[in-house]
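Visitor: please find the sequence and the predicted model below.
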Amino acid sequence: MTAQRVRIIEGGKLVIPALMRRELGIAAGDTVLVEVKGGELRVRSLPQAVAKAQAILRRHVPEGVSLAAELIADRRREAERE
C-alpha cells in the first residue's frame, strides 16, 4: 500500500484512511497499539501484536513443549504441597 497524507485534527487525533483500516483489520472503537520506532509511528491491531509476541516466544520454546501444560502442572504440584 502506498503512503497517504493525513492531517492531525484537534486533540491530536489522526484519521486513518478506510482502506488502511480494512487492511489492518481495525474498526471504529477498536483498541490498537502504537509505538514510535526509528522515527516512525507504527500502528498495530491487538491480534497482530499478540501474533508477533507469540512468534517471538515460539523461537525460545522447544518443539512439542506446551508452556500452558507446564504451568498447569506446576500449579497442581504447588497445590498438592499446601
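Guide: Sure thing, it's come through.
Visitor: without its sequence neighbours, what residue ends up closest to the most centrally placed residue in the chain?
Guide: Centroid-nearest residue in the chain, with CA atoms, centre = their mean: residue 49, separated by 1.3 Å. For residue 49, ignoring the flanking residues on the chain, the nearest one in space by CB to CB, 6 or more residues apart in numbering is residue 33 at 4.8 Å. Any C-beta I mention is one placed from the backbone N, CA and C, and that applies to glycine too.
Visitor: could I get the pLDDT score of the one you found?
Guide: Note on residue 33: pLDDT of 93.
Visitor: quick one, strands of this protein?
Guide: 8-9, 13-14, 32-37, 40-45 (DSSP state E).
Visitor: so which of these is the most packed in?
Guide: Highest mean neighbour count of the strands of the chain: strand 40-45, a mean of 12 (counted as mean count of other CB atoms under 10 Å).
Visitor: circling back: any chance of JSON lines for the strands of the chain, columns distance to residue 2?
Guide: Converted to JSON lines, the strands of the chain look like this (distance: least, CB to CB, whole Å):
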{"stretch": "strand 8-9", "distance to residue 2": "20"}
{"stretch": "strand 13-14", "distance to residue 2": "17"}
{"stretch": "strand 32-37", "distance to residue 2": "20"}
{"stretch": "strand 40-45", "distance to residue 2": "16"}
